[in-house]
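Predicted structure and sequence below. I'll ask about it afterward.
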Amino acid sequence: MESLFSRSTSVISRLSFLAVLTVFLISSSYFTSTEAYDALDPEGNITMKWDVMSWTPDGYVAVVTMFNFQKYRHIPSPGWTLGWKWAKKEVIWSMVGAQTTEQGDCSKYKGNIPHCCKKDPTVVDLLPGTPYNQQIANCCKGGVLNSWVQDPGNAASSFQISVGAAGTTNKTVRVPRNFTLMGPGPGYTCGPAKVVRPTKFVTTDTRRTTQAMMTWNITCTYSQFLAQRTPTCCVSLSSFYNETIVGCPTCACGCQNNKTESGACLDPDTPHLASVVSPPTKKGTILPPLVQCTRHLCPIRVHWHVKQNYKEYWRVKITITNFNYRLNYSQWNMVAQHPNFDNITQIFSFNYKSLTPYAGLNDTAMLWGVKFYNDFLSEAGPLGNVQSEILFRKDQATFSFEKGWAFPRRIYFNGDNCVMPPPDTYPFLPNGGFRPEVSVFASVVLPVLLVFFLFFSA
């Protein structure tokens, strides 16, 4: 009897371990990493360089330059917002190429009033069309900062700042702290300012080199988890060899049951659609997102269609659809990962750049629209889509239509990872043999149930 009891206890403890393991495996499949690390752009960041160009009687004049070293993530309109906290009691006497959003309390100053007296100023870029006497190089783009691969000429932004009530030497200056960057919403985390070697500048005739009095850098990294609670895009799949169209997963970008609340979805057949999308509001009011009612409720859907098969080539059609009634996307881009991108033959109506995040691995491509043709993705509606086709050359050693090989491994839109359908739902070859009808969930749970059955039947 004691032997039977001990054996039962041992079996139950093993079953408990299996149950815990099962819950862990299932739950881990529903969560994504929250780190500010991007596997397809491991070194991507925004670096701010603060160059002290000259000393003044009570401080210094500096040029602050923001470099977007992210390959495919950009800062769209309404642009970046930069903030920090002064280490002492510094004030901003003047700015060129940018401005603070608030002046703060400058009542103790008489005559010459500072531009900003706040302990924690917030700075924004000036708009295009700013008078030339208020501009410097790389300023006045409304805060828009393009990605490094897509438009390197517009991947930097600068402004000049004159700081008072500060140190006047390298030893007395104190670097600001608690830097924040909004681009335009949350998502970026900035590290502390680090003093580095002074920046050197070469004159236009390349015959003379000057350098800054002092330089410090600030590095900011992006996390999609910090930017928004839910994903912003999803992927659907189809193929010529199967009639099944695999749509985006249900509630891929969240579920909104109450259609009357602010920011809920909208049926495209709603009467007076225009007045609902753009209701009368006060100037400067930012309206919440309003997406078309779909089963996935994502603002963006990327559809990957395996279109044709040739003897030595195969063709894919990509369609990007905007379901957001209140937002259009200028300078959009898409990143796709597929093993056949190392042998791409031709791409139609999109720009293309191969990305190699790791040496010897060429399976990632960045795609974006052709300027003045399809680089602007309109809001939801008849014009709210862009499409292209890609022709791949087959590698006979790896090419296959079986087991979902022809579909992408992952897709990003504007730097955000899109939700993919479960692999066991991908369109399959009609003559591809047995198609597994049991989901991953069942394949994990069924063995546990089998052990229970064998134990209790013994």
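It's in. Since this is a predicted model, take the numbers as computed values, not measurements.

Which parts of this structure are helices?
For the chain, applying DSSP state H gives helices covering 2-28, 224-227, 273-277, 440-457.

how far out from the middle of the chain is stretch 109-129?
Centroid separation for stretch 109-129 versus its chain: 30 Å, with Cα atoms, centre = their mean, to the nearest Å.

Which of the helices of the chain comes out lowest on mean pLDDT?
Of all the helices of the chain, the minimum mean pLDDT falls on helix 2-28 (a mean of 43).

Which stretches in the stretch 51-200 of the chain count as strands?
59-68, 81-85, 91-96, 98-100, 122-125, 156-164, 177-182, 188-190, 194-196, 200-202 (DSSP state E, counting those that start in this stretch).

Any idea which of those gets closest to Met366?
Among these, the nearest to Met366 by Cβ to Cβ is strand 59-68 (14.3 Å). Yep, even glycine has a C-beta here, placed from its N, CA and C like the rest.

model confidence over the closest one, on average?
For strand 59-68, mean pLDDT is 97.

Which strands border that strand, and is each parallel or antiparallel?
strand 46-56 (antiparallel), strand 156-164 (antiparallel) (DSSP bridges).

pLDDT of the last one, averaged?
Pointing back at strand 156-164 there. The model assigns strand 156-164 a mean pLDDT of 97.

Same check on stretch 188-199?
Averaged over stretch 188-199, pLDDT sits at 96.

what's the answer for stretch 412-430, then?
93.

Show me which residues of that stretch are buried.
Residues 412-421, 424, 426-429 are the ones in stretch 412-430 that count as buried (16 or more other Cβ atoms under 10 Å).

Quick one: residues in contact with stretch 351-367.
39-42, 71-72, 149-150, 318, 333-339, 341-342, 344, 347, 350, 368-370, 388, 409 (Cβ atoms under 8 Å, 6 or more residues apart in numbering).

Please, a PyMOL command that selects the buried ones among those residues?
Typed into PyMOL, the line below selects the buried ones among these, using 16+ other Cβ under 10 Å:
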select buried, resi 40+41+71+72+149+150+318+333+334+335+336+337+338+341+342+344+347+350+368+369+388
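
surely Met95 meets Pro121?
No: the pair Met95 and Pro121 fails to qualify as a contact (Cβ atoms under 8 Å) at a distance of 9.6 Å.

hey, what's in contact with both of those two?
What both Met95 and Pro121 touch, as defined by Cβ under 8 Å, 6+ apart, is an empty set.

Of those two, which one has the most company?
Pro121 (25 against 21; other Cβ atoms under 10 Å).

got a pLDDT number for that one?
pLDDT recorded at Pro121 is 97.

ok, it touching Gly83?
Yes: the criterion here is Cβ under 8 Å, and Pro121 meets it with Gly83 at 6.9 Å.

Report the contact partners of Lys200.
Counted by Cβ under 8 Å, 6+ apart, Lys200 has contacts 209-212.

Select, out of the strands paired with strand 59-68, the one closest to Cys106.
It is, among the strands paired with strand 59-68 and with distance given as Cβ to Cβ, strand 156-164, at 11.2 Å.

okay, the closest one in CSV with CA atoms only?
This file holds the C-alpha atoms of strand 156-164, laid out as CSV (Å, rounded to 0.1, in the frame of the first residue of the first chain):
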residue,chain,number,x,y,z
ALA,A,156,20.0,64.4,-39.5
SER,A,157,18.5,67.4,-37.8
SER,A,158,20.4,70.3,-36.1
PHE,A,159,19.9,73.4,-34.1
GLN,A,160,22.1,76.0,-32.4
ILE,A,161,21.6,77.0,-28.7
SER,A,162,23.2,79.7,-26.6
VAL,A,163,23.3,78.7,-22.9
GLY,A,164,23.8,81.1,-20.0
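
Now do it against strand 91-96, angle only.
Counting by axes from the mean of the first three to the mean of the last three Cα atoms, to 10 degrees, strand 156-164 lies at 140 degrees to strand 91-96.

Just checking the distance from strand 156-164 to the centre of its chain.
27 Å.

who touches it?
With Cβ under 8 Å, 6+ apart, strand 156-164 has contacts from 56, 58-68, 80, 90-98, 114, 123, 125, 136-139, 141, 143, 145.

on that earlier part again, want to try JSON lines for the contacts of Lys200, with distance to Gln228 as columns?
Formatted as JSON lines, those follow (distance: Cβ to Cβ, whole Å):
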{"residue": "Thr209", "distance to Gln228": "45"}
{"residue": "Thr210", "distance to Gln228": "44"}
{"residue": "Gln211", "distance to Gln228": "42"}
{"residue": "Ala212", "distance to Gln228": "37"}
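
Quick one: which of these is the most crowded by neighbours?
Among these, the one with the most neighbours (other Cβ under 10 Å) is Ala212, at 19 neighbours.

Contact partners for the closest residue to His296 other than its chain neighbours?
Spatial nearest neighbour of His296, excluding adjacent residues (Cβ to Cβ, 6 or more residues apart in numbering): Cys248 at 3.6 Å. Contact analysis of Cys248 by Cβ under 8 Å, 6+ apart lists 234-236, 294-296, 298, 301, 419, 421.

Buried only: go through the residues you listed for me.
234-236, 294, 296, 298, 301, 419, 421.

Now distance to Glu379 too, for the residues you listed, in a markdown table please.
Shown next, in a markdown table, are the buried ones among the contacts of Cys248 (distance: Cβ to Cβ, whole Å):
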| residue | distance to Glu379 |
| --- | --- |
| Cys234 | 18 |
| Val235 | 21 |
| Ser236 | 20 |
| Thr294 | 15 |
| His296 | 18 |
| Cys298 | 14 |
| Arg301 | 14 |
| Val419 | 21 |
| Pro421 | 25 |
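
quick one: which of the residues you listed is nearest Pro184?
Cys298 (19.9 Å).

hang on, the earlier thing: which among the contacts of strand 156-164 count as buried?
For the contacts of strand 156-164, buried by 16+ other Cβ under 10 Å: 59-68, 80, 90-93, 95-98, 114, 123, 125, 138-139, 141, 143, 145.

Return the member of the buried residues of stretch 412-430 nearest to Thr180.
Distances from Thr180 to the buried residues of stretch 412-430, taken as Cβ to Cβ, are shortest for Gly415 (19.1 Å).

quick one: the closest one from Leu367, how far?
Distance of Gly415 to Leu367, computed by Cβ to Cβ, to the nearest Å: 13 Å.

who touches both of these two?
333, 335.

pLDDT at Thr356, what is it?
83.

do the same with Leu290
pLDDT at Leu290 comes out at 85.

That one contacts Asn324, correct?
Yes: taking Cβ under 8 Å as the contact criterion, Leu290 and Asn324 are neighbours in contact, 7.0 Å apart.
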